[in-house]
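Enquirer: Quick check, what structure comes out for this input:
(2 chains)
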Amino acid sequence: MTETLVAPAIEAPTEAAAAFEALYRSSRDDLFAYVAGMLRDRSAAEDVTAQAFERAYRRRSSFNPKRGTHRAWLFGIARNAALDELRRRSRNAELSGEPIDDDAGGAHERAAESALRRSVVRNALVALSARERELVALKYFAGLGNAEIATVLGISESNAGTRLHRVIEKLREACDED
Amino acid sequence: MRIEELEREVRAERPTPEPDFARRLDEWAGAGFPRDAGLGPRSVAPRGAGILRRVRERLTSLPPRRVLAPAGSVAVVLVVIAVAISQSGDEGVVLDRGGESAPTEESAGGGGGAAGEAEIAPAQPGAQQLDAPAPQTADEGVARGSDQRIVDATAELTLGAEAEDVQDVANGVVEVTDRHDGIVVDSQVTTDEDGARAAFELEIPYRELDATLTDLSELGDVISRTEASEDITARAVRAQRELAGVLDRLRDARVELIRADTREERLIARSRIDSLEATADALEAQVADVRRLGRFATVSVEVTSNGAASDDGGWSLGDALDDAGSALEAIGGVALVSLAVLVPLGLVAAIVWLVAAHLQGRRREQALDRD
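Expert: Here you go, the predicted structure:
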């Protein structure tokens, strides 16, 4: 028996409601990972993730498949919400809140070499600019393809691929230097 | 470090939501993301948020087309209603006394009747003085001063009546014309299977115009009434001056004829006198014409039935077509005026919307550069 996670807006379950429920199920953790990677603030990321899902839910009927996939549409909404959060944060001159903890990778830190490598990568990630960090978050945290990334950022797919390649090269150089 | 290793390490840095947050988000999603309960971001329902802010949040959460379509529809309806109301104010009985300004036009604006007749009086001296014996000076007999103008007035009156009453109305038109010392210049009464019609061209003394129109209007249903007036004072003055000049030259020519010594001089003088006399005759005719125009107003009266003579006053297919044509004409007019208002407004709104969207996008992107 399947539990209904997202309540349909109208009494009878519609195709849009069912599609949104599937989207929510498949994207919840990815969306949080992307937003948290952008904001580097877990509390703010939770707020923005919730806000993005709520906005997407209310606008679900406006989704146009011709403009990209459901996930790209959802991440576009989340991106706007995250950028608004960044703007508010810069207006309020707030510093970045709690850093993202690293509990998830606890098992890997048991090995010293692995821990060292991870520390190097983490430092390299922190050194990235916000735009570069966003690309990494979309690709490796959220698992979006280049075409979806291009849709979210409003650029061409080849441009997205080029930018990603440059970021990875930059990360690799930073890691090799360390 | 190899690319594959790097990508693996980067993926390992992926943040994951806290189980408590994930659970609360699931519950909120299960409830349909209610705004007033459950997990909402701080910015969605801030403490003390006012009604305006909530409305704004509600509007911004809607897709643009869901806001723009109803807003556009409301704007269209409002404009169409406004245009229809403004246009309907211009319809009905046409009562236009156009032409150049004259005291008679201002006084006639309030309608006909005894009051209108009394108010027209100031213009009468000017008209009556044209009846005086042929003037010898340039301005004699025509308007003197701004309050004595000569006006060529015309009026058109369309009356509706039952087919069987058209003849009675036509008789009434003749009677009213006689009562006001007017002249029936032309009349025509027709009755056939299409109905009954009558058409008159009347010459009515100017001072009786309003009273006559009032009496004529009482003969049937007034479908339209149009009055117009043209100030012909300048025309009259010009004709009088030219006539006076020609008469002066004619007098001089006659003196020359008397003083002529030779036959040749007499022939020349005689020829000049003949030419001047012809010119004087033409100018006198012009002056007489202007006098007549100043004294009489031309009134066209049309009497029309609503249907066939044998009809019982019902509504025929022709009437339906006429009504449909009129309705379409009115709708087309309203639509055209509405478009003239809405198209520029829509363009401005679209430009504002595009600029606002562009600026918002730029501000958001700038947030990335500042972070």
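Enquirer: Quickly find the element holding residue B:196.
Expert: Secondary structure from DSSP states H and E places residue B:196 in strand B:195-205.
Enquirer: do the same with residue B:261
Expert: For residue B:261, no secondary-structure element claims it when assigned by DSSP H and E, so it is in no helix or strand.
Enquirer: For it, give its distance to residue B:272.
Expert: Using CB to CB, to the nearest Å, one gets 16 Å for the distance from residue B:261 to residue B:272. Yep, even glycine has a C-beta here, placed from its N, CA and C like the rest.
Enquirer: Of the two, which one has the most company?
Expert: Legend: neighbour count by other CB atoms under 10 Å in any protein chain shown for residue B:261 and residue B:272, higher for residue B:272 (17 against 7).
Enquirer: Without its sequence neighbours, what residue ends up closest to that one?
Expert: Leaving out its chain neighbours, the residue that sits closest to residue B:272 by CB to CB, 6 or more residues apart in numbering or on different chains is residue B:253, at 4.8 Å.
Enquirer: For the stretch 251-371 of chain B, just list every one of the helices.
Expert: Counting by DSSP state H, counting those that start in this stretch, one finds helices in the stretch 251-371 of chain B at the ranges B:263-295, B:317-370.
Enquirer: correction: chain A
Expert: Across chain A, reading from the start of the chain, the helices by DSSP state H fall at A:15-39, A:42-58, A:70-91, A:112-127, A:130-136, A:146-153, A:157-177.
Enquirer: could you point out where chain A is predicted with low confidence?
Expert: Counting by pLDDT under 70, chain A has low-confidence residues at A:1-13, A:92-111, A:178.
Enquirer: Residue A:27 is in contact with residue B:29, correct?
Expert: No. If you go by CB atoms under 8 Å, residue B:29 and residue A:27 don't touch, sitting 11.4 Å apart.
Enquirer: Would you mind measuring from the residue in the stretch 151-300 of chain B positioned nearest to chain A to residue B:264?
Expert: Using CB to the nearest CB, the single residue of the stretch 151-300 of chain B nearest to chain A is residue B:224, 54.1 Å away. To residue B:264, residue B:224 is 66 Å away according to CB to CB.
Enquirer: So those two - more neighbours on which side?
Expert: Using other CB under 10 Å, the more surrounded residue of residue B:224 and residue B:264 is residue B:224, with 14 against 9.
Enquirer: Who are the contact partners of the closest residue to that one other than its chain neighbours?
Expert: In space, not counting the residues next to it along the chain, residue B:224 is nearest to residue B:158; the distance is 4.6 Å by CB to CB, 6+ apart. Applying CB atoms under 8 Å, 6 or more residues apart in numbering or on different chains, we find residue B:158 in contact with B:222-225, B:301-304.
Enquirer: Could you list the low-confidence segments of the stretch 201-350 of chain B?
Expert: Along the stretch 201-350 of chain B, the model assigns pLDDT under 70 to residues B:306-314.
Enquirer: Quick one: residues contacting the residue nearest the centre of chain A.
Expert: Taking CA atoms, centre = their mean as the criterion, residue A:34 is the residue nearest the geometric centre of chain A, at 1.5 Å. With contacts taken as CB under 8 Å, 6+ apart, residue A:34 has the following neighbours: A:75, A:78, A:137-138, A:141-142.
Enquirer: Throw these into TSV and include neighbour count, thanks.
Expert: Formatted as TSV, the entries for those read as follows, by neighbours: other CB atoms under 10 Å in any protein chain shown:
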residue	neighbour count
A:75	29
A:78	27
A:137	29
A:138	28
A:141	26
A:142	25
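Enquirer: Now narrow those residues to whatever sits close to chain B.
Expert: residue A:141 (CB under 8 Å from any CB of the partner chain).
Enquirer: And the contacts of residue A:34, which is closest to chain B?
Expert: Each of those was scored against chain B by CB to the nearest CB, and residue A:141 proved nearest at 4.5 Å.
Enquirer: Need the nearest residue in space to the closest one, chain neighbours excluded.
Expert: That would be residue A:33: by CB to CB, 6+ apart, it lies 3.8 Å from residue A:141.
Enquirer: didn't that neighbour look like it was pressed against residue A:138?
Expert: No. Under the criterion of CB under 8 Å, residue A:33 lies out of contact with residue A:138, with a separation of 9.7 Å.
Enquirer: Tell me how many other residues crowd residue B:285.
Expert: Number of residues near residue B:285 (other CB under 10 Å) recorded here: 11.
Enquirer: if we can go back for a sec, the residue nearest to residue B:272: how many residues sit nearby?
Expert: The number of residues packed around residue B:253, counting by other CB under 10 Å, is 20.
Enquirer: Now do the contacts for it.
Expert: Residue B:253 sits next to B:269, B:272-273, B:276 when contact means CB under 8 Å, 6+ apart.
Enquirer: repeat that for 10 Å
Expert: Listed by CB atoms under 10 Å, 6 or more residues apart in numbering or on different chains, the contact set of residue B:253 reads B:268-277.
Enquirer: Tell me if I am right that the residue nearest to residue B:224 is in a helix.
Expert: No. If the criterion is DSSP: H, G, I helix; E, B strand; the rest coil, then residue B:158 is strand and not within a helix.
Enquirer: coming back round to it: could you give the angle of the strand holding residue B:196 to helix B:263-295?
Expert: Counting by axes from the mean of the first three to the mean of the last three CA atoms, to 10 degrees, strand B:195-205 points 120 degrees away from the direction of helix B:263-295.
Enquirer: buried set for strand B:195-205?
Expert: Burial within strand B:195-205, assessed by neighbour count using 16 or more other CB atoms under 10 Å in any protein chain shown, is assigned to B:195-200, B:202-205.
Enquirer: Which pair of these spans the longest distance?
Expert: Using CB to CB, the buried residues of strand B:195-205 reach their maximum pairwise distance at B:195 and B:205, which is 32.4 Å.
Enquirer: Could you check how many residues crowd around residue B:74?
Expert: Other residues within reach of residue B:74, judged by other CB under 10 Å, total 10.
Enquirer: Hmm, residue B:72 and residue B:346 touching each other?
Expert: Yes. Contact between residue B:346 and residue B:72 holds when scored by CB atoms under 10 Å: they sit 7.7 Å apart.
Enquirer: check contacts around residue 165.
Expert: Just so you know, I chose chain A. residue B:3.
Enquirer: My question was about chain B, not that one.
Expert: Listed by CB under 10 Å, 6+ apart, the contact set of residue B:165 reads B:172, B:196, B:219-220, B:303, B:305.
Enquirer: Next, work out how far apart residue A:82 and residue A:73 are.
Expert: Residue A:82 sits 15 Å away from residue A:73 when distances are taken as CB to CB.
Enquirer: so what's in contact with residue B:29 and residue A:27 at the same time?
Expert: Between them, residue B:29 and residue A:27 have residue A:53 as joint contacts when contacts are counted by CB under 10 Å, 6+ apart.
Enquirer: Neighbours of the closest residue to residue B:365 other than its chain neighbours, how many?
Expert: The spatially closest residue to residue B:365, leaving aside those adjacent along the chain, is residue A:83, at 7.3 Å (CB to CB, 6+ apart). The burial count assigned to residue A:83 is 24, neighbours taken as other CB under 10 Å.
Enquirer: I'd say residue A:83 and residue A:152 touch.
Expert: No. Checked against CB under 10 Å, the pair residue A:83 and residue A:152 is beyond contact range at 11.5 Å.
Enquirer: wait, is residue B:188 part of a helix?
Expert: No. Remark: residue B:188 does not belong to a helix; assigned using three-state DSSP, it is strand.
Enquirer: Quickly note the distance from it to residue B:170.
Expert: Between residue B:188 and residue B:170 the distance, using CB to CB, works out to 9 Å.
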